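In: Fold the following for me, if possible:
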Amino acid sequence: METETLKLHEIKQSTQNYVVAIGFFDGLHLGHQALIREVLKVAKEKSLMPAVMTFPSHPLAVLNGVKTTSLTSLADRLDLLEAMGIEKVFLIDFNKEVAALSAQAFIDAYLMPNNVKHVVVGYDFRFGDHNKGDIHDLDHQSFALSVVDPIMYNKEEKVSSTFIKNLLTQGHIRDANRLLTRPFTIKGEVIHGKQRGRLMGYPTANVDYDHYFVPRRGVYGVKVKVKGQTYDGMANIGRNPTFDDIFKDSLEIYIFDFQDDIYGEMMDVYFYAFTRPEAVFKNMEELKARLDADALEVRELMKQF
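Out: I've put the predicted structure just below:
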């Protein structure tokens, strides 16, 4: 799959014809996948190259200068799009000048020079200055338009990145995974922590989750992939309130039957089940007893995955 960064004022006329889906596509969930399927269908029918036009970072993070969290990193999104069959990804170099473009100016700047012959968007797609542009601005242009209906969850909620984040905040991992069509995953470097788990017989790998969205504090059944191998494990997200000496949520993994030194290695953490919320214990002995029970429960639970 090819990627191309589009810098405003520096976009050259393309010789390739495209069908593109436009959006941020955080999570590439069921709703996004409906758009990608439409792109692939149109590409086959019209002999166009299937493409996606997106942003490296969330536009709000660029505009407001604030840290945002996401379900998927840019690398994750690119990997998923390639696996789905997308052949080209346009990455818009987003800044305040781009944000201030009117809907028609955006079309003229990004779609026309790239020979976009067909556009695919969701029914609620918004773009341009202050999101004033919508699907009506994409109609009656020189390209064709497909507007994809929403995918609903339990016939009530539209599947969206925000809805999936809400599920994760409540610990509803299995529901979130169904909407993602894969386990929610955080990828990061194994870093040094307090190493307190080692004193209780539960050495943990602390994972730097960077810009990933972090689910509800508590204990999870997970699989991890590190150094090319996959293992079952027990994850804890939180601030270790029993000791009350860290000020940012940590992601710690106790990997079952694993002894290797993996500091500095990259680890993929696949979340499968939430087993209990974060709790405060009277002392280390009480905490260890609960960890013993957690480990037994999670080991048994992970046999089904």
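In: Can you show me the helices along this protein?
Out: 30-46, 59-64, 74-84, 96-99, 103-106, 135-138, 161-169, 173-180, 284-301 (DSSP state H).
In: Make TSV from these and add mean pLDDT to it.
Out: As requested, those are arranged in TSV below (pLDDT from 0 to 100):
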stretch	mean pLDDT
helix 30-46	98
helix 59-64	81
helix 74-84	98
helix 96-99	94
helix 103-106	97
helix 135-138	96
helix 161-169	97
helix 173-180	97
helix 284-301	95
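In: Let's have the ones you listed in JSON lines, adding mean neighbour count and distance to residue 117.
Out: (Glycine included, C-beta is placed from N, CA and C.) Formatted as JSON lines, these follow (neighbours: other C-beta atoms under 10 Å; distance: least, C-beta to C-beta, whole Å):
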{"stretch": "helix 30-46", "mean neighbour count": "19", "distance to residue 117": "7"}
{"stretch": "helix 59-64", "mean neighbour count": "14", "distance to residue 117": "25"}
{"stretch": "helix 74-84", "mean neighbour count": "17", "distance to residue 117": "19"}
{"stretch": "helix 96-99", "mean neighbour count": "14", "distance to residue 117": "23"}
{"stretch": "helix 103-106", "mean neighbour count": "16", "distance to residue 117": "17"}
{"stretch": "helix 135-138", "mean neighbour count": "16", "distance to residue 117": "13"}
{"stretch": "helix 161-169", "mean neighbour count": "19", "distance to residue 117": "28"}
{"stretch": "helix 173-180", "mean neighbour count": "20", "distance to residue 117": "31"}
{"stretch": "helix 284-301", "mean neighbour count": "15", "distance to residue 117": "49"}
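In: dump the residue contacts of the residue nearest the centre of the chain.
Out: In the chain, the centroid-proximal residue (C-alpha atoms, centre = their mean) is residue 72; its distance is 1.9 Å. Contacts for residue 72 (C-beta atoms under 8 Å, 6 or more residues apart in numbering) come out as 26-28, 80.
In: Ramachandran angles for it?
Out: phi -140, psi 140 (degrees, to the nearest 10).
In: how's this structure carved up into domains?
Out: Using the TED database, the domain parsing of the chain gives 4-8+14-158, 183-303.
In: Show me the one of those that comes nearest residue 165.
Out: Closest of the domains of the chain to residue 165 is domain 183-303, at 5.5 Å (criterion: C-beta to C-beta).
In: so how far does the closest one reach from one end to the other?
Out: 15 Å (C-alpha to C-alpha, to the nearest Å).
In: go on, stretch 257-266?
Out: First residue to last in stretch 257-266 (C-alpha to C-alpha) measures 19 Å.
In: which residues sit against it?
Out: Taking C-beta under 8 Å, 6+ apart as the rule, stretch 257-266 contacts 187-192, 205, 226-227, 231, 233.
In: how much space is there between the residue nearest to the centre of the chain and residue 44?
Out: Separation of residue 72 from residue 44 (C-beta to C-beta, to the nearest Å) stands at 26 Å.
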